[in-house]
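Enquirer: got a predicted model here, sequence first, then my questions.
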Amino acid sequence: MSAGARTETHDVVLRLLDHQLVAPDGALLGNVDDVELVEHGTRWLVTGLMVGPAALSQRMPGRLGDWLYAVWRRLHPAEHPTPVVVPIEHVVRFDSAVHVDEPAAHALTLTFGLELWLREHVVGRLPGAREAGGEKPSRRPVEPGAEKGREGLPPAPTRAPLDGALGLSALIGRQVRDAHGEPQGRVTELRCAGRPRGERQEPLRVESVVYSRRLLASELGYSADRQQGPALVRRVVRTWQHRDRLVDVAQLEGLGDVDGELRLRDSARPRHPHDA
Amino acid sequence: MKKLFALALGILTAIGGFVDIGDLVTNGLVGSRFGLSLVWVVVVGIVGICVFAEMSGRVAAVSGRATFDLVRERLGPRMGLLNLLASMAVTLLTYAAEIGGVALALQLATSVNPFLWIPVVGAAVWVVLWRVKFAVLENAFGIAGLALVVFAVALWQLGPDWADLWQQASRPFVPHDESHTTYFYYAVALFGAAMTPYEVFFFSSGGVEEHWEAKDLGTMRANVLIGFPLGGMLSVAIAGVATVVYQPQGIQVGTLGQIGLPVGQALGNLGLAFVLLGFFAATFGAACETGLSVGYSIAQYLGWQWGKSVAPLQAARFHTVVLLSSIAAVGLLLTTADPIQLTEYSVVFSAVALPLTYFPILVVANDRTYMGRHVNGRLSNTLGTAYLVVVLVAAVAAIPLMLVTKAGQ
């Protein structure tokens, strides 16, 4: 993911979702709790990374998710809080972590309500907290009252979700049916392509969709790399996932509906992800 | 020269840091009841922890990601959360057991009731986690834990029938007064004591704290592959001493004092002083490791800033979790739970929880996009796969065996 202008393909569930966000100085900035998808003409684009309890709550089961969301909404200082999105243009590169630029890192640290509250009211009051106990000095001193003064900052490189945006998590697990209405499996992965533009990542285009009859073990990476060991696990997972299919995104209808099922066009030629 | 010193320090720390309350209690107990007929399990467990720690250390050094980062990204937030809850329940139980172990060691030294010591120890552990630098914390207790070598010296001094001990160790059999189910129940317990999950959470997170890179892999491997087996020898020495002194008389070891007593018999008060120092350092060091592991794991699952290498104010959520888990561990002990019994449960539940973190690490150690040329080789994968089976068998067998044997009675 360096400066090369080659188009690169990424499996976003495997390579982006749930990964650690990292600042240029190495500070840890939360996980990619969801991925923002936007329909753009005939295409779907990955436009941002959603971070924080609001996004995470959508992926937790039933009551736990509702409860997490309710707690987040009540404790949030804003009247109508929105989930936090880091536009993909602020992503510098991704490897085992997702590296964002300095403005995004700064803006993100200001959205961590719990961290800021605990820093001020709990940990900051413990004896010795202010004598730097770590090996490195505190790298981004947070000015007192930074949270309250949020409006005064320059336009933050984090934003609310775009209108009509879809969370990746809302797409994962949706039923795919063939042209005759027979169920074929559920969405497990989006294969996307995009090019790093100079120092920045351009929005990734969704190229194809992987669906599977078995959701378990779909994030282990065996459908992305057919050589991944160890042999025993590879064999078991491959047998488990042998009916996984990958299909071009243009051959699927119904992606934009919030809840509905997806339907393969007549012309669709699904194939195993390894044969793509 | 400096490099050699660092290497030696790392190995010594690994030796002394290997033994914790779980190893002390389980090995003493098993030695007194089964002699050395379960030493093969300790060997299996040591090779297992070497395989597991080497993989997770390598992943941490090459990708910069510690255990629960990887658990979340490979299992997703739901499965990851279940995994986190189970692993943290076991680690918290172990944390309580370690604090209880420190209190028992202090009771042996001072005759002050352990329940008076427990809050003091809990507070002391937290203060160390809050104030003391990572490297100091890791090395000081590891080196002091080397005092447990006194068990090996004591075994020598007791002048056992070495041929008989070797016979027991090399041709395992179930003693005639014990059932097969109890034998295998204690086999699982010993396995869990050697392969406790927190050791790997701590080891991989510690690697990230110390900014390991691919060039540090040699040092990491030396620590694991030399330090852990030598640490395991201490476990065997503890079992050996209990075998020689207690097994012939049919005494079942039930307290920390009984485990250390034979050393006094063999080496006098100086020996006992070493035992007490060793007990204290091993349990206190492990208490620090388990306490940090709870903070590390929860923070990694949620993506929070964690670690002792950043200023505490930058990791407020992490330090709050460490503080709360210290309070919870002390609270658990103050319900007058017996620390020895807590330990026995914690090692068995460790075996149950082990596959939850072992499997994702095995998968990621095979991911070529992360690992490049440091991906698992043929040896790592053969051993890794063999241990996947062993770990699964132990996890599945643990609870039925516990119920059938009424926890080893």
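Expert: Happy to help now that I have it.
Enquirer: pull the contacting residues for the closest residue to chain A within the stretch 51-200 of chain B.
Expert: Proximity to chain A, evaluated over the stretch 51-200 of chain B using CB to the nearest CB, is greatest for residue B:63 at 3.8 Å. The C-beta positions use only the backbone N, C-alpha and C, and glycine is treated the same way. Taking CB atoms under 8 Å, 6 or more residues apart in numbering or on different chains as the contact definition, residue B:63 lies against A:95, A:96, B:364, B:370, B:371.
Enquirer: identify the residues contacting the lowest-mean-pLDDT helix or strand in chain B?
Expert: The helix or strand with the lowest mean pLDDT-type score in chain B, counting by mean pLDDT, DSSP states H and E, is helix B:2-18 (a mean of 84). Counting contacts by CB under 8 Å, 6+ apart, the residues outside helix B:2-18 that touch it are B:138-139, B:141-148, B:219, B:222-224, B:226-228, B:230-232, B:234-235, B:281-282, B:285-286, B:289.
Enquirer: can you do 7 Å?
Expert: B:138-139, B:141-146, B:219, B:222-224, B:226-228, B:230-232, B:234, B:281, B:285 (CB atoms under 7 Å, 6 or more residues apart in numbering or on different chains).
Enquirer: still on that earlier bit, got the contacts of residue B:63 as CSV, with distance to residue A:103 and pLDDT columns?
Expert: Converted to CSV, these look like this (distance: CB to CB, whole Å; pLDDT from 0 to 100):
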residue, distance to residue A:103, pLDDT
A:95, 21, 89
A:96, 23, 91
B:364, 31, 96
B:370, 27, 91
B:371, 32, 94
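Enquirer: now the two most distant members of these.
Expert: By the measure CB to CB, A:95 and B:364 form the most distant pair in those, at 13.0 Å.
Enquirer: the more surrounded of the two?
Expert: The neighbour comparison of residue A:95 against residue B:364 (other CB atoms under 10 Å in any protein chain shown) goes to residue B:364, with 27 against 15.
Enquirer: OK, contacts around the more buried one?
Expert: Residues in contact with residue B:364 (CB under 7 Å, 6+ apart) are B:59, B:70, B:74, B:370.
Enquirer: returning to what we had before: buried set for the least confident helix or strand of chain B?
Expert: Buried residues in helix B:2-18, counted by 16 or more other CB atoms under 10 Å in any protein chain shown: B:9, B:10, B:11, B:12, B:13, B:14, B:15, B:16, B:17, B:18.
Enquirer: ramachandran coordinates for the closest residue to chain B within the stretch 1-150 of chain A?
Expert: Closest contact between the stretch 1-150 of chain A and chain B, by CB to the nearest CB, is at residue A:31 (3.3 Å). Main-chain torsions, residue A:31, degrees, to the nearest 10: phi -100, psi 160.
Enquirer: likewise for residue A:194?
Expert: Main-chain dihedrals, residue A:194, degrees, to the nearest 10: phi -170, psi 170.
Enquirer: near chain A, which residues of the stretch 251-400 of chain B are found?
Expert: B:302-306, B:308-314, B:316-317, B:319-320, B:362-363, B:366-368, B:370, B:376, B:381, B:384-385 (CB under 7 Å from any CB of the partner chain).
Enquirer: state the distance from residue B:91 to residue A:226.
Expert: When distance is defined by CB to CB, to the nearest Å, residue B:91 is 36 Å away from residue A:226.
Enquirer: neighbour count: these two, which is higher?
Expert: residue B:91 (28 against 12).
Enquirer: quick one, what contacts the nearest residue to the more buried one once chain neighbours are set aside?
Expert: In this structure, residue B:91 finds its nearest non-sequential neighbour in residue B:198, 4.8 Å apart by CB to CB, 6 or more residues apart in numbering or on different chains. With contacts defined as CB under 7 Å, 6+ apart, the neighbours of residue B:198 are B:91, B:94, B:289, B:290, B:293.
Enquirer: where's the fourth one, which helix or strand?
Expert: Right, residue B:290. Residue B:290 is part of helix B:256-302, with elements assigned from DSSP states H and E.
Enquirer: orientation of that helix relative to helix B:2-18 in degrees?
Expert: 110 degrees (axes from the mean of the first three to the mean of the last three CA atoms, to 10 degrees).
Enquirer: just checking, what packs against helix B:256-302?
Expert: Under the contact criterion of 3 or more CB pairs under 7 Å, 6 or more residues apart in numbering or on different chains; DSSP states H and E, the helices and strands touching helix B:256-302 comprise helix B:21-34, helix B:67-110, helix B:114-131, helix B:134-145, helix B:150-157, helix B:197-209, helix B:228-246, helix B:316-334.
Enquirer: run the chain-centre distance for it.
Expert: On the basis of CA atoms, centre = their mean, to the nearest Å, helix B:256-302 sits 10 Å off its chain's mean C-alpha point.
Enquirer: what does stretch B:86-101 give?
Expert: Centre-to-centre, stretch B:86-101 and its host chain are 11 Å apart (CA atoms, centre = their mean).
Enquirer: stretch B:23-35 now?
Expert: Using CA atoms, centre = their mean, the distance from the centre of stretch B:23-35 to the centre of the chain it belongs to is 15 Å.
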